[in-house]
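> Sharing a sequence plus its predicted fold:
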Amino acid sequence: MSPELIVILVLAVLFGLYMAWGIGANDVANAMGTSVGSGALTLKKAVIFAAVLEFAGAFFAGSSVSQTVRKGIVDLDMFQGDGMSFMLGMLSALLAAGVWLQIASFKGWPVSTTHSIVGSIVGFGAVYGGMAAVHWDKVGTIVASWVVSPLLSGTISFLIFHIILRTIFYKKHPLRAAKKITPYLVFLVFAILTLTMVFKGLKNLKLDLTFANAMLMAVGIGVVAALISAVLVRRIKEDQTPEEIANGNPAQAEYLQRCLDKAARNLQRVQTATTGHAGMELAGLVDEVHRLKLETKKKYEFHTDSAELKKVERLFVYLQILSACMVAFAHGANDVANSIGPMSAVISVAREGGETIAAKADVPLWILAVGGIGIVIGLATWGWRVMETIGKKITHLTPTRGFSAEFGAATTVVIASKMGLPISTTHTLVGAVLGVGLARGISALNLTMVRNIFVSWIVTIPAGAFLAIVFFYILRFFFV
């Protein structure tokens, strides 16, 4: 092997490691950001959990055969006979995607690593073979994911959180209601996460399960988990503090608000149909109900951390952590390909003397390990930046809200995978967090941060393309 090819091999490993670092610094927050923001996990524990599961997903379930060019963005035929340009193009794409991810991570913007590498490949593909060399229909599908991913996950998370509000927080005894509904939620969580693992997290292992068999497995695991949870939740005591017994239970604040709202609406309906003295008395009653509503809201406004509500939230901590761990494993198994795909392609061509370009390239275990290590290092160093954005800067999260977002994102992954819809893990989770925030009203969202995130999504592909073009010309200057 020539010294030139040896240098290219070294650069491939370094740039692949750098890109993997960017994935860890940015994308891993998708899995753990809500858990940190809601307080379900400390930052240190989140990093440890994510590091273990992301590496395990990348190393044990990562693809053993990687597509040379991600998602068929450019035509491989135009590089036949010019392996050097292909290798330099892939190196420029890795470096460009890594640089963009570092910029986005520094700003705390959650962007798609897949879109970063795709944009970079579009850049060097267009500058080498012209605009016609790019499969723009594929790029259009990716652009569609900007809308599909957040809209679908946001809607699902919005509905899930509303169901939790209506079935638990709007009840007279929230903890009692939570104990009743928890086994059903556990069933759904385990069933959905099992499908997520089969269709996304373990798809590279080619288990070849039919949809019916996968559903049967998911239902079986869900039922077992639900039965276990039913036994465990019975042990939770529904006791109240002496202060709550004397002054009223803050956990019933939402229930009282809804009851008073309903009473006011009914009285107003009767008042409009009544005249004379009775109508005046009814107007006085309506005013009294509104006064009680305001008094109740003021009394319990800063006391929502009651003992009962803390127990309700604690039930969801475990479900949220479980969801986050599953998403982390699935993410590591799939998105590590964004770094090792181009890297393994360069190594494969270099080993063939820089001439033969295959549509697919074998991925040795050591390359999977490099990708996994890079992800872990990125997570441990800069991962906190994007975690903070996802968990704290979009909307205020609690374990129930964080669970709704994680569960909504996982459900979206399953639905989109089976329907063939284009999605991004990043966009899916951000959309889910937005959906949970909107469930409490538009004022619950940090609209400035939301705007910055959306702009970063739109800029990702052109930014990757521009940087790749710059690096491609620089590398060609030194090697050609």
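Structure received. Note that the coordinates shown come from a computational prediction; the quantities given were computed from them, not determined experimentally.

> Would you mind listing where the stretch 351-480 of the chain has pLDDT under the threshold?
354-356, 358-362, 417-418, 420-422 (pLDDT under 70).

> next one: the chain
Checking the chain against pLDDT under 70 turns up 61-72, 200-208, 238-254, 296-306, 334, 354-356, 358-362, 417-418, 420-422.

> which helix of it spans the most residues?
When every helix of the chain is counted residue by residue (DSSP state H), the longest turns out to be helix 447-479.

> Next up, the contacts around the closest residue in space to Ala369 that isn't next to it in sequence.
Sequence neighbours aside, Phe59 is the residue nearest to Ala369 in space, at 5.9 Å (criterion: C-beta to C-beta, 6 or more residues apart in numbering). C-betas here are computed from N, CA, C, even on glycine. Going by C-beta atoms under 8 Å, 6 or more residues apart in numbering, Phe59 touches 365, 368-369, 372.

> May I ask which two of those residues are separated the most?
Leu365 and Gly372 (10.2 Å; C-beta to C-beta).

> out of these two, which sits in the more crowded spot?
Neighbour count, other C-beta atoms under 10 Å: between Leu365 and Gly372, Gly372 has more, with 25 against 11.

> Convert the helix or strand hosting that one to PDB, retaining C-alpha atoms only.
Under the criterion of DSSP states H and E, Gly372 resides in helix 365-388. Output for helix 365-388, consisting of C-alpha atoms alone and laid out as PDB, is shown next (Å, rounded to 0.1, in the frame of the first residue of the first chain):
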ATOM      1  CA  LEU A 365     -15.700  -5.100  14.500                       C
ATOM      2  CA  TRP A 366     -12.900  -2.700  15.300                       C
ATOM      3  CA  ILE A 367     -14.600   0.000  13.100                       C
ATOM      4  CA  LEU A 368     -17.900  -0.500  15.100                       C
ATOM      5  CA  ALA A 369     -15.800  -0.100  18.200                       C
ATOM      6  CA  VAL A 370     -14.300   3.100  17.000                       C
ATOM      7  CA  GLY A 371     -17.800   4.500  16.300                       C
ATOM      8  CA  GLY A 372     -19.000   3.400  19.700                       C
ATOM      9  CA  ILE A 373     -16.000   4.900  21.500                       C
ATOM     10  CA  GLY A 374     -16.400   8.200  19.600                       C
ATOM     11  CA  ILE A 375     -20.100   8.400  20.600                       C
ATOM     12  CA  VAL A 376     -19.300   7.800  24.200                       C
ATOM     13  CA  ILE A 377     -16.500  10.400  24.300                       C
ATOM     14  CA  GLY A 378     -18.700  13.000  22.600                       C
ATOM     15  CA  LEU A 379     -21.500  12.300  25.100                       C
ATOM     16  CA  ALA A 380     -19.200  12.500  28.100                       C
ATOM     17  CA  THR A 381     -17.600  15.800  27.000                       C
ATOM     18  CA  TRP A 382     -20.300  18.000  25.300                       C
ATOM     19  CA  GLY A 383     -23.400  15.900  25.600                       C
ATOM     20  CA  TRP A 384     -24.700  18.100  28.400                       C
ATOM     21  CA  ARG A 385     -25.200  21.100  26.100                       C
ATOM     22  CA  VAL A 386     -27.900  19.600  24.000                       C
ATOM     23  CA  MET A 387     -29.400  17.600  26.900                       C
ATOM     24  CA  GLU A 388     -30.000  21.000  28.600                       C
END
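
> thinking again about what came up before, please identify the buried residues of the longest helix of the chain?
Of the residues in helix 447-479, those buried under the neighbour-count criterion (16 or more other C-beta atoms under 10 Å) are 449-450, 452-453, 456-457, 459-461, 463-472, 475-476, 479.

> for stretch 125-145, same thing?
125-129, 133-135, 138-139, 142, 145.

> Which members of those are positioned in helices?
By the criterion of DSSP H, membership of the buried residues of stretch 125-145 in helices covers 125-129, 138-139, 142, 145.

> how about those residues, which pair is most distant?
Counting by C-beta to C-beta, the most remote pair of these is Tyr128 and Ser145, 25.7 Å apart.

> follow-up on the earlier one: determine how far the host helix or strand of the residue nearest to Ala369 lies from the middle of the whole chain.
Secondary structure here is read from DSSP H and E; on that basis Phe59 sits in helix 43-61. Relative to its parent chain, helix 43-61 has a centroid offset of 15 Å by C-alpha atoms, centre = their mean, to the nearest Å.

> Please apply the same query to stretch 283-292.
For stretch 283-292, the distance from its own C-alpha centre to the chain's C-alpha centre is 45 Å (C-alpha atoms, centre = their mean).

> ok, and what's touching that stretch?
Here stretch 283-292 makes contact (C-beta under 8 Å, 6+ apart) with 260, 263-264, 267-268, 271.

> swap the cut-off to 10 Å and go again
Under the criterion C-beta atoms under 10 Å, 6 or more residues apart in numbering, residues 256, 259-268, 270-271, 274 lie in contact with stretch 283-292.

> Out of those residues, list just those in helices.
Residues from those lying in helices, with DSSP H as the criterion: 256, 259-268, 270-271.

> the domain parsing of the protein - what is it?
Here the domain assignment for the chain is 3-236+306-479, 250-300, based on automatic domain parsing.

> end-to-end on the longest one?
Using C-alpha to C-alpha, to the nearest Å, the end-to-end distance of domain 3-236+306-479 comes to 11 Å.

> before we move on, back to that, now distance to Val433 too, for the ones in helices among the buried residues of stretch 125-145, in CSV please.
Conversion of these to CSV gives the following (distance: C-beta to C-beta, whole Å):
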residue, distance to Val433
Gly125, 34
Ala126, 34
Val127, 37
Tyr128, 39
Gly129, 39
Lys138, 28
Val139, 26
Ile142, 21
Ser145, 17
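
> of all those residues, which comes closest to Leu101?
Nearest to Leu101 among these, counting by C-beta to C-beta, is Ile142 at 16.5 Å.

> how close does that closest one get to Ile474?
Taking C-beta to C-beta, to the nearest Å as the criterion, Ile142 is separated from Ile474 by 26 Å.

> From the ones in helices among the contacts of stretch 283-292, list the buried ones, please.
For the ones in helices among the contacts of stretch 283-292, a neighbour count by 16+ other C-beta under 10 Å gives the buried set as 256, 259-260, 263-264, 267, 271.

> For the residue positioned nearest the centre of the chain, give me its contacts.
For the chain, the residue whose C-alpha lies nearest the mean C-alpha position (C-alpha atoms, centre = their mean) is Leu429; its distance is 3.1 Å. Under the criterion of C-beta under 10 Å, 6+ apart, the contact list for Leu429 reads 27, 29-31, 33-34, 110, 149-150, 153, 157, 327, 390, 405-406, 408-410, 412-413.
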